[in-house]
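Colleague: Okay, sequence plus prediction incoming.
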Amino acid sequence: MPMKHLTTAVSLLFFALSGVLGIPEISCKNGKGQPVDWFTFYKLPKRYGKEDTETGLEYMYLDSTKTMWQKGWHLIDSNRSALGITLEQLYEAYTSKSNATAYLLYNDGVPKSVTYSKKYGHTKGVLVWNRLQGFWLIHSVPWFPPVPEDGYSYPSSGRRNAQNGICITFKYDQFEEIDSQLLVSQPNIYSCFIPTTFHWELIYMPKLCAKSSSSSIPRRRLTILQSVHGHDFLHFAKSGSYSDDIFTAWMAQQLKTHLLVQTWQRKRQELPSNCSLPYHVYNVKIIQTASKYYFSSHLDHSKWCVSTKDSKNHWTCIGDLNRSPTQASRSGGFICTRNPYLYQSFHKLVFGYEFCN
């Protein structure tokens, strides 16, 4: 039997036995512990005024069942937050050491480290999966999450600036595509467990996990991923050899839309808005929340973009990279969707942006 047919047969057998054997359906979860197709979070920056009571741990939340931002039910450092409940599946996998579940954690800012690794991609995320399904959490929080043996916590360094991320639930067959995307983005993996039963289909993640040399890395790769409920996401991954601004040179032109881009705009390290190509890229400068709280992009470590309202295609993308000269030579990526509620919610956050010179 050819290898592809054999792996398909194994997957079908796994699906057939999953209900009988009680194999868990690993997924993104909301603040009530219920599985969701996807969710996104936006942690707000800490305010320092005399009358401000915020802790820097409040966050906004939106998932596949909602139409607008909602306030997180618990602070983001709580294991009862959407992030905490979702990542509980990671800790269960670590404790059980079951060969039925795999996980992979990556971050250019490794927990308990005082430096950043520039050898690998400017990427941050978590994957937990079995042969039924799993989730991919893409986020912008340095030094997060802790290694599984330490349990859930949120870094104190993450309080000052805004942070964001997206969690998407995928069937197992989508992890083969994610595997190829990670080869391109070259994440700095600091904790992983991938039993050999997954090595037939997943070629690159075990090698990345082992820090072993790999085959040639594509300059960039674009793929369509389908969530567990059948919603399409477009994922852009670029390597360090693709030394150009991912937003201007690739994403805006591929998506055929002008983009409003929010990334961490550090002084003297930002790229200006760019209108040199058919589809333009504008830097977001001021963000506003539904409660009329305004803050500067200098206090926003999140990475996302949305189409301008006058564009025919309304996209929302969440990912890893900043618009800066140094980031152009780093690997990373963005995942994009045309979900209208996600688009409306993110577009309303844009209060001011930089026009082209």
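Modeller: Right, received. Where do you want to start?
Colleague: how about stretch 153-167: buried residues?
Modeller: Judged by neighbour count (16 or more other Cβ atoms under 10 Å), stretch 153-167 contains these buried residues: Tyr154, Pro155, Gly158, Arg159, Asn161, Ala162, Gln163, Asn164, Gly165, Ile166, Cys167. The C-beta positions use only the backbone N, C-alpha and C, and glycine is treated the same way.
Colleague: So for that stretch, first residue to last residue, what's the gap.
Modeller: 18 Å (Cα to Cα, to the nearest Å).
Colleague: got it, and stretch 312-321?
Modeller: 25 Å.
Colleague: re earlier: out of the buried residues of stretch 153-167, which sit inside strands?
Modeller: Gln163, Asn164, Gly165, Ile166, Cys167 (DSSP state E).
Colleague: Output those residues as TSV; include the columns distance to Ser273 and pLDDT.
Modeller: Output for those, formatted as TSV (distance: Cβ to Cβ, whole Å; pLDDT from 0 to 100):
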residue	distance to Ser273	pLDDT
Gln163	23	97
Asn164	21	98
Gly165	25	98
Ile166	24	98
Cys167	30	98
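Colleague: Specify which member of these is nearest to Phe247.
Modeller: For these, the minimum distance to Phe247 (Cβ to Cβ) is 16.1 Å, reached by Asn164.
Colleague: quick one: contacts for the closest one?
Modeller: Thr40, Phe41, Tyr42, Lys43, His139, Ser140, Ser302, Lys303, Trp304, Ile318 (Cβ atoms under 8 Å, 6 or more residues apart in numbering).
Colleague: Quick check: closest non-adjacent residue to it.
Modeller: Ser302 (3.6 Å; Cβ to Cβ, 6 or more residues apart in numbering).
Colleague: Wait, that neighbour touches Ala162, no?
Modeller: Yes. Ser302 is within contact range of Ala162, at 5.3 Å (criterion: Cβ atoms under 8 Å).
Colleague: Give me the common contacts of the two.
Modeller: Tyr42.
Colleague: For the stretch 201-350 of the chain, just list every one of the helices.
Modeller: 204-209, 252-255, 340-347 (DSSP state H, counting those that start in this stretch).
Colleague: Near Asp63, how many residues? Count them for me, please.
Modeller: 21 (other Cβ atoms under 10 Å).
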